[in-house]
Structures are given as C-alpha cells and as structure tokens.
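Q: Let me see the structure of the following:
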Amino acid sequence: MIAADQFIQAARQHGFELYTGVPCSYLKPFINSVIDSGELRYVGAANEGDAVAVGVGADLGGVRSVVMFQNSGLGNAVSPLTSLTHIFRVPVLLIVTLRGEPGGAADEPQHELMGKITTGQLELMGISWEFFPESADEIGPTLCRAGVHMDKESRPYALVMRKGSVAKSDLLAEPDHHAIVARAAPLALQPKVQRGDMIRAIQGATTRNDVLVATTGYTGRELYANCDRPNQFYMVGSMGCAVSVGLGLALARPERRIVVLDGDGAALMRLGALATVGYERPVNLVHVLLDNGMHESTGGQATVSRSIDFHGLAAACGYPRVESVVEPADLAAILDRPTTELTFVHAPILPGVPELPRPSISPAAVAARLRAHLLPKGQESDGH
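A: Here you go, the predicted structure:
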C-alpha cells in the first residue's frame, strides 16, 4: 500500500499536472489528494468518456493528464479510446480500478463480469497496461515504463488498481459553488442559413491565436474544405466529445481562445459535458452549437433538438453568457470581441451541405500540427 501523495508527487515530476475522471471508492484517497494538493487541477467529469476527452485536450495543449475511473465505466470510454486517443495518437495515463477481481475481495454483483474482462478489454483496444504500484519503490519504475511507452507510441498506458493499493485520505477542501443566474429563453428563432455560412463567419472572426475544435461529421469536413488551418482540430468518431476536448485545451492553454463547433446530435449524446464545462467555467472557451435538428451526415435522421431549449439548458448548466443567433453576422460579432467569460452560442441552421472532400491530412498529423502551432512564440511551425 502507498500514500496517494507519493504517487502524485512522483507523477508530477514526469509532467502529469491535470487529473480528470469519475470517482470510485478505490480512487477516493487518490482523488482527494489531488484536489487538496493546491498544485494540480482535478476535473470531475460526468462520465468516463468525457474524462478521456478532457485528458486529450489537455495533452494537446501541452499538459500531461491522468484519467481515472472504475472498470465498470471502461465501456463508456471505449469510443474516445478507440477513435480519439488511438487514431490521433494522444497519450494519456489511465488509472482503471479492478472491481470484482477474480479471487479478490468480495464485491457487488454488478462487478462480477467486468472484473473478469477488464484487462482483456484493454488489450483488445491495444492499450498496454500493468498493475498500479502497491509499494513506494515500485512507483518510479512504473511511471518510467508508462512514460517511455507514451513517448514512443503516442498512445495511452493503463495502470489497473486493485483494492487497497492506496492508503485512506480524507478530503479537506470545500467544493466551489457557482451561482446560477436564471435567464428567460429567447423567442423561437427560425434558421435562415446553412452550416457553411456560419463556418465562414467563424473563420472570418477568429485569428491564428484561436483554436477551433470541430465535432465529427460534416462540421469538421466543411471547416476543412472552406479553409484548412493549423489551428483547427477535426474530430472524427468520439461523437459528443468535442466540447470536452475543448475544455481540456482551455484549461491547459488559458492564453488561447478555444472555439468549439458542436452539433445538436453530438451535444445530445453527451449532455453531461455541458454541466462539467459550466462548473469549470474557463473564461477562454466559446461553445457554438450548430443545430439543424438532424444527424445529417448519416442520412438526415431527426434528433430531438426541436423539443430542447438549448439556450436555457446551457444557462442552467452554469454558462455565464448564453446567446442565440441565426445570422452569420451576429455570430461573427460575438467572436470579433474579446472573450472574457465562458460563452455558449445556440445557432439554429438549415440542413444542406455541398459536396465535401474528406481531409487529406491524417488525424495523427492534425494533432501533431496543432501541437506545433501551440508551441511558445518563436518556436511555431510554419502555417498559413
């Protein structure tokens, strides 16, 4: 058994400064110690997949991350672990608890099957793993092996934590409380333009210093087709994770404005992410929801967005500034001004999309190019 601080301080020496995840009783002392450290950032995610995406965003921004959750939530993380960390080649350190370990301590019945298949699931996803260190002299070598693998392969590495690996640690810090200001929903706005019109307005109103994160589907493809830039990140797969990636980037790079281009179908898939973003409230994040009421890239099937008040939902989740626009000029006007608080923009749009090329640049190259673009001044890669 080790003290949580022993691992955390050693991990900090290896560059791990942002922790995110979903609690488990096995992780309690670990999470409590991170929160109480005063030197590290902990982001409590609504679900495990969102936590992976937050870690990805932080890593893209140059801050190494640790993603922690119970093995029962590993299934929830499969999408970003297979279509985000893997193909974009983004290394995060996973700590996955082993509830229901065969031959281990008695546990609740819901953990029986997952306990048997946890390590097998990691292997099926191509994720190298080892058991979490249980003695102080194992911590350094474990972190070295993890770091070497992550540096060489640019992919996640998992530490599987057994019960009793970490000594108890009570939480001392008081949780932050943010006041929620009720806002009247605007009158129903009728869409006037298509996605491309809004994307052109966004690109025209943002600068090279901004970072644009586009959700999977036509949004990323249309952003690429209109004007490919090194400060743009085109999501593929990992649907619903764009704003969580944006959150990680915003926390890692507070000097940059992060603009997330989301879709109604994607946002609905992971609505809990809005609550996490609203709680963290990064002042440099703008969340633009392009809402055409359908899953357009998969055949035009309707979403349930027509019955959702996204404006009120974002306000209820803690976004301090919430806007609704239907004119590209109005969206451009919001982005033309400096962003001083977390902002949500609901933009109803008409369906319709032109013939679009698929990006010729690979996801891994997109990630590498963005990393280079975010290097300190004087070390930037050439871009346009």
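
Q: tell me which element His287 falls in.
A: Using DSSP states H and E, His287 falls within strand 285-291.

Q: Check which helices and strands that strand is in contact with.
A: helix 195-205, helix 242-252, strand 258-263, helix 264-269, helix 272-280, helix 310-316, helix 328-336, strand 343-348 (3 or more C-beta pairs under 8 Å, 6 or more residues apart in numbering; DSSP states H and E). Glycine gets a C-beta too; all of them are placed from N, C-alpha and C.

Q: The ones you listed: which one's closest to Asn47?
A: helix 272-280 (5.8 Å; C-beta to C-beta).

Q: Which strands or helices does the closest one pack on?
A: Using 3+ C-beta pairs under 8 Å, 6+ apart as the contact test, the elements touching helix 272-280 are strand 41-44, helix 48-60, helix 242-252, strand 285-291, helix 310-316.

Q: Could you rerun that using 10 Å?
A: Under the contact criterion of 3 or more C-beta pairs under 10 Å, 6 or more residues apart in numbering; DSSP states H and E, helix 272-280 touches strand 41-44, helix 48-60, helix 242-252, strand 258-263, helix 264-269, strand 285-291, helix 310-316, strand 343-348.

Q: Tyr224: which of the ones you listed is closest?
A: Taking those one by one with C-beta to C-beta, strand 258-263 is closest: 11.6 Å.

Q: can you map out the strands along the protein?
A: 16-21, 41-44, 64-70, 93-97, 128-131, 157-161, 211-214, 232-234, 258-263, 285-291, 294-295, 301-302, 321-324, 343-348 (DSSP state E).

Q: Columns mean pLDDT on top of these, output as CSV?
A: Listed next are the strands of the chain as CSV, based on pLDDT from 0 to 100:
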stretch, mean pLDDT
strand 16-21, 96
strand 41-44, 94
strand 64-70, 97
strand 93-97, 97
strand 128-131, 98
strand 157-161, 97
strand 211-214, 98
strand 232-234, 98
strand 258-263, 97
strand 285-291, 97
strand 294-295, 88
strand 301-302, 88
strand 321-324, 94
strand 343-348, 96
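
Q: how about TSV for those strands, with distance to Ala188 added?
A: Output for these, formatted as TSV (distance: least, C-beta to C-beta, whole Å):
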stretch	distance to Ala188
strand 16-21	36
strand 41-44	34
strand 64-70	39
strand 93-97	44
strand 128-131	50
strand 157-161	47
strand 211-214	26
strand 232-234	31
strand 258-263	19
strand 285-291	12
strand 294-295	17
strand 301-302	17
strand 321-324	9
strand 343-348	9
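
Q: how close does the closest residue to Gly237 other than its chain neighbours get to Asp264?
A: The shortest distance from Gly237 to any non-neighbouring residue, by C-beta to C-beta, 6 or more residues apart in numbering, is to Ser83 (2.6 Å). Computed as C-beta to C-beta, to the nearest Å, the Ser83 to Asp264 distance reads 20 Å.

Q: So which of the two has more stuff around it?
A: Neighbour comparison, Ser83 and Asp264: the larger count goes to Asp264, with 26 against 18 (by other C-beta atoms under 10 Å).
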